[in-house]
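Q: Quick one, fold the following:
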Amino acid sequence: MQSPTANRLRPPFYLDDSLVGDIVIQPSYTRHIDAGTFFLHKDVLSRASPVLARLISGITSVSVDEPTTVWKLLIPIFYSPKVPIDFVTNLKGSDGLLDIDLLRTLLDAGRKYEAPSISASVADALMHEPAVVAKKAVGVYALACAFDCPDLARFAARHSLSTKLSFNFSPTEPSLEYMARMSDYHRLLDHRRRCADAARETVHSSAPQIDQPYTGSNNISSSTHFLRSNASKRLWNAITILSGSNMNTISYSTHLTTKCYDQGYSAHLHQSWWIALEDLHRDLEYQPTEDLVRSPSFTRKLLDGIMRCSGPMDASHANAVEVAEILIETVYVCLKEAIDKCKGQDIRCTYCR
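A: So this is what the prediction gives:
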């Protein structure tokens, strides 16, 4: 018989090849298309799992409860801590989205066989695929809590912020059916509240300001909704570079005035723009994510504000469009920083048993 080292890396090194390995694994045939027999190595399985070590001791063949699809995911992790490039792809369903049922079965197998490498490798693989996790973030968060994966729980919680959630726990909702404990859901909601508070504070000043009525002119109107000092500083720096001015007060377009003074920075917006920030401030309560700023709806509100201003399409309007782009990126960065700060403070390992 050929040595395990010589065979374990030859694809497919485990399927329907009786010349490979010294133990036959026969998964349950839950579906006729799921049939398959695996020829593996006892030494590899025994090192990966004490349960499997006892199960395969003294025999050459064993039947297992998990289907072939799960064992095709388990085996590469048993043989190497680095999962294959297509690992996450194989976790997707026919709809192209992450198959949460398959993920749960896989993690369940890792717990059953007392193989911590399974949950660790799965968590690491998913954390390198944020776009995949984001589409099923609540389900991934629930499983991460249930299977003791605190880093993945933090990661999934962060990427769940774009999902609207009910403040009433309802196990019948598809996205929440994997939530093992109500306390996990409540912690997720608490985290979202803190992220929402931090994000909304970025585009809202607690200092009282008097709103000036909009008269249709191009003058700047003050509002309680303008950027906080850190965001205003970024914006002031950007406008300074753009305008070539180093004055403390810069009105680069009719839509924006930035100020630098002893106590810090401020950015006062044209009424048409602070109405857009007002809407953003409201939306962040339910979707506390920086992606809202780059959404087509927010961009459209800024551009519509420019078009509604009186006067011809002159250089002032062109400047306003340019400043709108800077405003979007400035607010995006500042929102992301504010939300990311909540990650270490609010998502803790106490989520998991």
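
Q: And whichever strand or helix holds residue 153, what does it pack against?
A: Per DSSP states H and E: residue 153 is located in helix 150-159. Counting contacts by 3 or more Cβ pairs under 8 Å, 6 or more residues apart in numbering; DSSP states H and E, helix 150-159 packs against helix 116-127, helix 130-134, helix 137-146, helix 315-346. The C-beta positions use only the backbone N, C-alpha and C, and glycine is treated the same way.

Q: then that helix to CSV, C-alphas only?
A: Taking C-alpha atoms only, helix 150-159 is exported to CSV below (Å, rounded to 0.1, in the frame of the first residue of the first chain):
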residue,chain,number,x,y,z
PRO,A,150,-16.4,34.3,19.2
ASP,A,151,-14.3,35.8,16.4
LEU,A,152,-16.8,34.7,13.8
ALA,A,153,-19.7,36.0,16.0
ARG,A,154,-18.1,39.5,16.1
PHE,A,155,-17.4,39.4,12.4
ALA,A,156,-21.0,38.3,11.5
ALA,A,157,-22.5,40.9,14.0
ARG,A,158,-20.5,43.6,12.2
HIS,A,159,-21.8,42.5,8.8
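
Q: Can you give me the buried ones in that helix?
A: By 16 or more other Cβ atoms under 10 Å, the buried positions in helix 150-159 come out as 150, 152-159.

Q: What segments of the protein are helices?
A: In the chain, helices defined by DSSP state H lie at 4-7, 42-48, 50-56, 68-79, 100-112, 116-127, 130-134, 137-146, 150-159, 182-202, 229-243, 271-283, 296-308, 315-346, listed in chain order.

Q: The first one - what's its average pLDDT?
A: Taken as a whole, helix 4-7 has an average pLDDT of 38.

Q: What of stretch 203-211?
A: The pLDDT scores in stretch 203-211 average 47.

Q: got a list of contacts for stretch 46-63?
A: Taking contacts as Cβ atoms under 8 Å, 6 or more residues apart in numbering, the residues outside stretch 46-63 that touch it are 22-28, 42, 45, 77-78, 112-115, 117.

Q: Check what contacts stretch 293-304 and list those residues.
A: Outside of stretch 293-304, the residues that reach it under the criterion Cβ under 8 Å, 6+ apart are 272-273, 275-276, 279-280, 292, 321, 324, 327-328, 331-332, 335.

Q: Separate out the buried members of these.
A: Judged by neighbour count, with buriedness set by 16+ other Cβ under 10 Å, the buried members of the contacts of stretch 293-304 are 272-273, 275-276, 280, 292, 324, 327-328, 331-332, 335.

Q: Flag whichever of the residues you listed scores worst on pLDDT.
A: Within the set of the buried ones among the contacts of stretch 293-304, pLDDT is lowest for residue 272 (71).

Q: Distance-wise, check the residue nearest to that one when sequence neighbours are not counted relative to residue 282.
A: Leaving aside its sequence neighbours, residue 272 sits nearest to residue 305 (Cβ to Cβ, 6 or more residues apart in numbering; 2.9 Å). In this structure, residue 305 and residue 282 are separated by 17 Å, where distance is defined by Cβ to Cβ, to the nearest Å.

Q: what do you get for residue 190?
A: From residue 190 over to residue 282 (counting by Cβ to Cβ), the distance is 20 Å.

Q: do residue 143 as well
A: The spacing between residue 143 and residue 282, counted by Cβ to Cβ, is 32 Å.

Q: out of those two, which sits in the more crowded spot?
A: With neighbours defined as other Cβ atoms under 10 Å, residue 143 and residue 282 compare such that residue 143 has more, 27 against 11.

Q: before we move on, the earlier item: can I get the helices and strands packed on helix 150-159 in TSV including distance to residue 177?
A: Below are the helices and strands packed on helix 150-159 laid out as TSV (distance: least, Cβ to Cβ, whole Å):
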stretch	distance to residue 177
helix 116-127	19
helix 130-134	17
helix 137-146	8
helix 315-346	24
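
Q: which stretch among those comes nearest residue 101?
A: For these, proximity to residue 101 was assessed by Cβ to Cβ; helix 137-146 is nearest, at 9.3 Å.

Q: So which residues make contact with the closest one?
A: 98, 100, 103-104, 107, 123, 126, 133, 149-150, 152-153, 155-157, 159-160, 162-163, 165, 175-176, 178-181, 184, 188, 351-352.
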